[in-house]
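# Let me see the structure of the following:
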Amino acid sequence: MQASKTMSLSVHVLRTIFGAWNLFFGLVFFFEFIPQPMGHGEMTPYLNQTLIDTHLFHVVKVIEIIVGILLLTNRAVPLALCVYFPVTVVIYIVNMYLEEFAAGPFIAAIYLAVHLFLFWAYRSYYLPMLVWRAQINPLKSGDR
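Numbers count the residues shown, from 1 in each chain. I've put the predicted structure just below:
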């Protein structure tokens, strides 16, 4: 029983922090509460400016805002985690290999670990998708 409460609390806290982090940094891009971090490595400012110039950063930041809101309100969390995972992978790669400041690898590892932990916590929602040979199941009138 205690392990269940601890797990539930851990998921709640990490989901809230992860959601708030994404919501905050999504909003920072559009409202500039703080300057948009452009990176500390040789390549990262160029990469970030290219993403901004091509408007891909806008798409990523809108996704961050939506995912942040969904995580904070505990709505569609498994879907939000799936939608956001490619962004997490890019954040991991950039911070692990392109950033040139001491906290880069630490941030990368923590960010990915939190996302993977939340995936694991919500794994029961993903298991039905992991069918090797799926059959078509038409919706019944009561399945909506």
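# Could I get the contacting residues of Phe25?
Shown in contact with Phe25 (Cβ atoms under 8 Å, 6 or more residues apart in numbering): Lys61, Glu64. C-beta: built from backbone N, CA, C; applies to glycine.
# which SSE is it in?
In the assignment (DSSP states H and E), Phe25 maps to helix 2-31.
# Report the buried residues of that helix.
Val11, Leu14, Arg15, Phe18, Gly19, Asn22, Leu23, Phe25, Gly26, Val28, Phe29 (16 or more other Cβ atoms under 10 Å).
# Give the closest residue to the third one in space, chain neighbours not counted.
Translated: Arg15. Excluding its sequence neighbours, the residue lying closest to Arg15 (Cβ to Cβ, 6 or more residues apart in numbering) is Leu71, at 5.2 Å.
# Contacts for whichever strand or helix holds the one you found, please.
Following DSSP H and E, one finds Leu71 within helix 56-72. Outside helix 56-72, the residues that touch it by Cβ under 8 Å, 6+ apart are 15-16, 18-27, 29-30, 48, 51-52, 76-77, 79-81, 83-84, 87.
# what's the spacing between Ala108 and Gly39?
13 Å (Cβ to Cβ, to the nearest Å).
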